[in-house]
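Participant: Give me the fold of what follows.
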Amino acid sequence: MNPSNLQQFRPKELRVPAAGTSSENLVPNTLTPQDPTESGNSRARSRNTSRPNSQNSSENSYRKRVGSGSFNGAYESEEDIAFVGGRHTSYDTQHSSISGYEPLVMPGDGVAPEEEKVKRKLKFFFMNPRDKYIATRQIPWKLLLQILKVVIVTAQLWIFGEYRYAHVNYYSDQTIAFEHFFIKDWDQVREVHAYPPSTGKLALYKKDDFFDFVDFTVQTYKEIETQALGPLFRNSSVSLCLNQYKEANVTKSLSFTLHSELQTECLTLPEKDLFRFNDTQQWFSENNFTMPWYAVHHIQLKFNLTSVTLKPLGPEPTPDCFQFRIKITLDNSRHDGQMPINLLMEPVRLDCPTQMVPRSTGYATVVVLLNLLVIFFSLASLILCLRALLRAQLLKHETDRFFKSHYGWNLTVNEKLEFLNLWYVMICTNDIMIILGSIIKQLIESKSIVGDMWDICSLLLGTGNLLVWFGLLRYLGFFKTYNVLILTMKGAAPNMLRFLMCASFIYIGFVFAGWVILGPYHFKFETIMSTSECLFSLINGDDMFATFKSIPKDRALSVWVYSRVYLYTFICLFIYVVLSLFISIIMDTYEIIKNCYERGFPANRLEQFYCTSEFDFRSGQYQAESVITRLWHLFRNHLPHGRTGYEEM
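Facilitator: Here you go, the predicted structure:
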C-alpha cells in the first residue's frame, strides 16, 4: 500500500477469514472518502430513521432496476443502497475504537449508491462458482462445459492416438524394409535401439566397398517390383549426387592442394536405362565421371517408390496411397577413413487415382460426429471464457475510474492483475488448439487434403488435451485440501525460478566442461545436448555406474582421473545440496500456506473494500450486467460533456 493511501486504510491487523468464518466479524468498514460532508451523513441518518414510517412512499419508490450497476433484476430502490451506506457509517462510528480503523464517513446521496454497486460487483466477481450459483441461481455453464469437454476431448484423442500409431508404425516398418532392401549387409540387430549401442557404426572403408554398395542398391531398385512382398513400384530415376570440394589433392609427400568451396555434381540413371545397368564403374566410364575420393564431402543416392496400403489407416475404410522419397547418405565430412551409411525415408500421402466403393460404417460416422461435437463444445467454451475475460477488464476499468474519482487511488499492477484470470487464458488457448486440431483431423480422416499433417495435428490435439486437464485444477482449488497444493505451487514459483536461475549457472558450467573434456572419450558427452541430458539423468539417479565405467582408462589417464573428480563433484553438489534446497523452498511455502489457512490470509486493498458490502448474496436475486451494457457505460463515461462549469442541483 502506498503511504498516500494511509488516510483511507489505517489497519492495526486485518486478516481474511478462513473457511466457515463470517467476514462481517473480522473485516470492518475501512474507507474514508476525500471530501466527506456532514450534511450528507445527516441526510443518510434521517433517512434511516424515517424509512420504516413511510410505507406508502416506499412502495412507490420500489422499482425493478434494469441495467443499473451489476445488480439487475432485484427489487430495490436507490434509497435502499444509500440506506446501506448509512448503516456503514453508524457501525464504524460506534466501533472504531475496537476495530482500529477510522470511521467510514459517507458522502452525499449521489456517491453512496455507486459505491455500493461497485462493492457488489467486486464481491461477486471474486466469488467461486458455488457462491455465484447461490447468488444468481444460474447454472455454471463454464464449469459444466469444462467437465464435459474433458470427456469428449479425451475420447477424441484416444481414437486419434490409435490411428496416429498405425501411421507411425507403417512408416517405421517401411523404413526397416527399405534398409533390408537397399543397404548391403544390413543386420537386424541394428533395428533395436539398444542402450548402450550393441553394434558399431555401419560404414564403408574401401573403394571396392563403395562400388559394391552402389551396385547392390541399383540392382535391388531395378528388381524391386518383382522381389518385394508388398506393392512397391519405381517412381523415379536413380540420382547419385556428390557434394565435394572444388579442388583437393594430396600427394605421398603430404603436399596438398585444397579449395574449400563446396559444389554439387549429380549423375542420373533414367528408369528406362536401369535394365542396361551392369556395374557402377562402367556407368561412371560411360558418362566420363571420375570419383574424386579426397574431395568428397558426402554422397547421396536418391530415388522414389510408390505404394498402396490395403489396410485402412483411418476411420474411412479405404486404402491410402504413398510416395516414399528415399535418400541414402554416405558421410565423408570428417575425412577420417570411413563413410557412415544412413537411410532416410520421407513419406508423402498421395491422392489415389482410383477408389474402391466405400463401405458405410457406423464407426466412421461416430468419429465425424465426435469431431464436430468437440469443435462445438470448444467453441462454446472459448466464447464463454472470452466473455468472462472481457467482463473482468471492464470491471477493472470501472473500479479504477471509481477509485480515482472518489478516493484518489490508482490501482497497482498487482491489483490490476487480480482482474486477469490466467485460468481462463489457458482455457482459451487450449480451446483454440483443440478447434484447429479437430479441423485438421477431420480433413485428414476424410482425405480432403494431400500431404502428411499428422504431426501438426498431434501437436495441437495433444497439447490442447494437456491444458484441458490442467484447467480442472481451477475448480479443485475451491476445496481447501486441494487448494493448498495449488497455492503452494503458485507461492513457491517466484522463489523457485530465482533459485533455478542461480543453479543453472553452475549447471551450464558443468555441461560445457563435460562436453569439452569428456566428449571425445564418452558417447554420452559427444554433443552439448547429450551432455545436458546425461547430467540431468544423473541428478535423478539414472545410470550412474554406466557413466563411470564408459570412460576408457588406458586411452587418457588424465581424462579418466578428471572424470572421477568431475562426476563425484557434480553428483554430490546437485543431489545433496541443490536438490535439497529446492525441496526446502517448496516446503517453506507449504508451511506458510498452511498457517494462513489456520489464521487467515492477509487482505489486500480490494478485499478490504468489497467485503463491507451488506447485500445478501444468498437471496438468489443477484443478476450481473451484460457485456453490452458495461461497454455502453464505459463508452458513455469517456464521452466529452456538453456543458462544464455548472453546479449540480
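
Participant: can I see the domain layout of the protein?
Facilitator: By the record's domain assignment, the chain is partitioned as 3-139+619-630, 140-182+361-477, 192-359 (automatic domain parsing).

Participant: Dump those domains into JSON lines; add distance to residue 557 as well.
Facilitator: (Each C-beta comes from the backbone N, C-alpha and C, glycine too.) Listed next are the domains of the chain as JSON lines, based on distance: least, Cβ to Cβ, whole Å:
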{"stretch": "domain 3-139+619-630", "distance to residue 557": "65"}
{"stretch": "domain 140-182+361-477", "distance to residue 557": "40"}
{"stretch": "domain 192-359", "distance to residue 557": "22"}
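
Participant: Which one of these has the poorest average confidence?
Facilitator: Confidence, taken as mean pLDDT, is least for domain 3-139+619-630 of these (a mean of 48).

Participant: Bridge partners for residue 326, pull those for me.
Facilitator: residue 303, residue 345 (DSSP bridges).

Participant: Surely it is in contact with residue 345?
Facilitator: Yes. Using Cβ atoms under 8 Å, residue 326 is in contact with residue 345, at 5.4 Å.

Participant: and those two? which has more neighbours close in?
Facilitator: Ranked by neighbour count (other Cβ atoms under 10 Å), residue 326 and residue 345 place residue 326 first, with 21 against 18.

Participant: tell me the contacts of the more buried one?
Facilitator: By Cβ atoms under 8 Å, 6 or more residues apart in numbering, the contact set of residue 326 is 178, 182, 302, 303, 304, 305, 343, 344, 345.

Participant: Please report how far it lies from residue 454.
Facilitator: Distance of residue 326 to residue 454, given as Cβ to Cβ, to the nearest Å: 20 Å.

Participant: Residue 582 too?
Facilitator: Distance of residue 582 to residue 454, given as Cβ to Cβ: 38 Å.

Participant: More neighbours: those two, which one.
Facilitator: Relative neighbour count places residue 454 above the other of residue 582 and residue 454, with 20 against 16, counting by other Cβ under 10 Å.

Participant: Which strand residues bridge residue 322?
Facilitator: residue 307, residue 349.

Participant: ok, now which ones touch it?
Facilitator: Neighbour list for residue 322: 306, 307, 308, 309, 347, 348, 349, 350 [criterion: Cβ under 8 Å, 6+ apart].

Participant: Quick check on those residues: which are buried?
Facilitator: Among the contacts of residue 322, the ones that count as buried by 16 or more other Cβ atoms under 10 Å are 306, 307, 309, 347, 349, 350.

Participant: Wait, the third one touches residue 173, no?
Facilitator: Think residue 309. No. Residue 309 is beyond contact range of residue 173, at 10.2 Å (criterion: Cβ under 8 Å).

Participant: which residue ranges form the helices in the stretch 451-600 of the chain?
Facilitator: Secondary structure of the stretch 451-600 of the chain, counting by DSSP state H, counting those that start in this stretch: helices at 454-471, 473-476, 480-518, 528-539, 544-549, 557-571, 579-599.

Participant: Relative to residue 134, which of those is closest?
Facilitator: Comparing the helices of the stretch 451-600 of the chain against residue 134 with Cβ to Cβ, the closest turns out to be helix 473-476 (16.1 Å).

Participant: now residue 213: how far from residue 464?
Facilitator: Taken as Cβ to Cβ, the span from residue 213 to residue 464 is 46 Å.

Participant: hmm, I was thinking of residue 378
Facilitator: Noted for residue 378: a distance of 8 Å to residue 464, by Cβ to Cβ.

Participant: Check which residues of stretch 526-539 are buried.
Facilitator: Neighbour-count burial for stretch 526-539 flags 530, 531, 532, 534, 535, 538 (criterion: 16+ other Cβ under 10 Å).

Participant: returning to what we had before: using TSV, lay out the contacts of residue 322 together with distance to residue 248.
Facilitator: Shown next, in TSV, are the contacts of residue 322 (distance: Cβ to Cβ, whole Å):
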residue	distance to residue 248
306	39
307	40
308	46
309	45
347	37
348	36
349	42
350	42
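
Participant: show me where the stretch 151-300 of the chain has strands.
Facilitator: In the stretch 151-300 of the chain, the strands defined using DSSP state E, counting those that start in this stretch lie at 203-204, 232-234, 238-250, 256-269, 296-309.

Participant: could you check the angle strand 238-250 makes with the last one?
Facilitator: The one in question is strand 296-309. Taking axes from the mean of the first three to the mean of the last three Cα atoms, to 10 degrees, one finds strand 296-309 and strand 238-250 inclined to each other by 170 degrees.

Participant: And the helices in the stretch 301-450 of the chain?
Facilitator: Using DSSP H, counting those that start in this stretch, helices in the stretch 301-450 of the chain cover 362-406, 413-417, 422-445.

Participant: so of the ones you listed, which one's packed in deepest?
Facilitator: With neighbours defined as mean count of other Cβ atoms under 10 Å, the helices of the stretch 301-450 of the chain peak in mean count at helix 422-445, which reaches a mean of 20.

Participant: Check what contacts that helix and list those residues.
Facilitator: Here helix 422-445 has contacts from 146, 153, 156, 160, 163, 314-316, 367-368, 371-372, 374-375, 378-379, 381-382, 385-386, 388-389, 448-449, 453-454, 456-457, 459-461, 463-468, 470-471, 474, using Cβ under 8 Å, 6+ apart.

Participant: next one: that helix to chain centre, how far?
Facilitator: 12 Å (Cα atoms, centre = their mean, to the nearest Å).

Participant: Check stretch 250-260 too.
Facilitator: Computed by Cα atoms, centre = their mean, the separation of stretch 250-260 from the middle of its chain amounts to 55 Å.

Participant: Over to stretch 475-483?
Facilitator: Stretch 475-483 sits 22 Å away from the centroid of its parent chain (Cα atoms, centre = their mean).

Participant: Start and end of it, how far apart?
Facilitator: Length of stretch 475-483, first residue to last, Cα to Cα, to the nearest Å: 9 Å.

Participant: can you pull the buried residues of it?
Facilitator: Within stretch 475-483, the residues that count as buried by 16+ other Cβ under 10 Å are 475, 477, 483.

Participant: just stretch 139-156 next, same as before
Facilitator: Per 16+ other Cβ under 10 Å, stretch 139-156 contains these buried residues: 142, 143, 145, 146, 149, 152, 153, 156.

Participant: same deal with stretch 311-330?
Facilitator: Neighbour-count burial for stretch 311-330, with 16+ other Cβ under 10 Å as criterion, is recorded at 312-316, 319-324, 326-330.

Participant: cool, and stretch 274-281?
Facilitator: With burial defined by 16+ other Cβ under 10 Å, the residues of stretch 274-281 counted as buried are 274, 277, 280.

Participant: next one: stretch 236-244
Facilitator: Neighbour counts over stretch 236-244 (16+ other Cβ under 10 Å) mark 236, 237, 238, 240, 241, 242, 243, 244 as buried.

Participant: Kindly reformat the residues you listed as TSV containing distance to residue 516.
Facilitator: Formatted as TSV, the buried residues of stretch 236-244 follow (distance: Cβ to Cβ, whole Å):
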residue	distance to residue 516
236	44
237	46
238	43
240	38
241	35
242	33
243	29
244	31
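
Participant: which one of those is nearest residue 551?
Facilitator: residue 243 (34.8 Å).

Participant: how close does the closest one get to residue 601?
Facilitator: Residue 243 is 66 Å from residue 601, by Cβ to Cβ.

Participant: Name all residues that make contact with residue 396.
Facilitator: Counting by Cβ under 8 Å, 6+ apart, residue 396 touches 411, 416, 419.

Participant: Kindly provide the distance from it to residue 463.
Facilitator: According to Cβ to Cβ, residue 396 and residue 463 sit 30 Å apart.

Participant: Run a quick neighbour tally on residue 461.
Facilitator: If you count neighbours by other Cβ under 10 Å, residue 461 ends up with 24.

Participant: Tell me, how many residues neighbour residue 124?
Facilitator: When counting by other Cβ under 10 Å, one arrives at 22 neighbours for residue 124.
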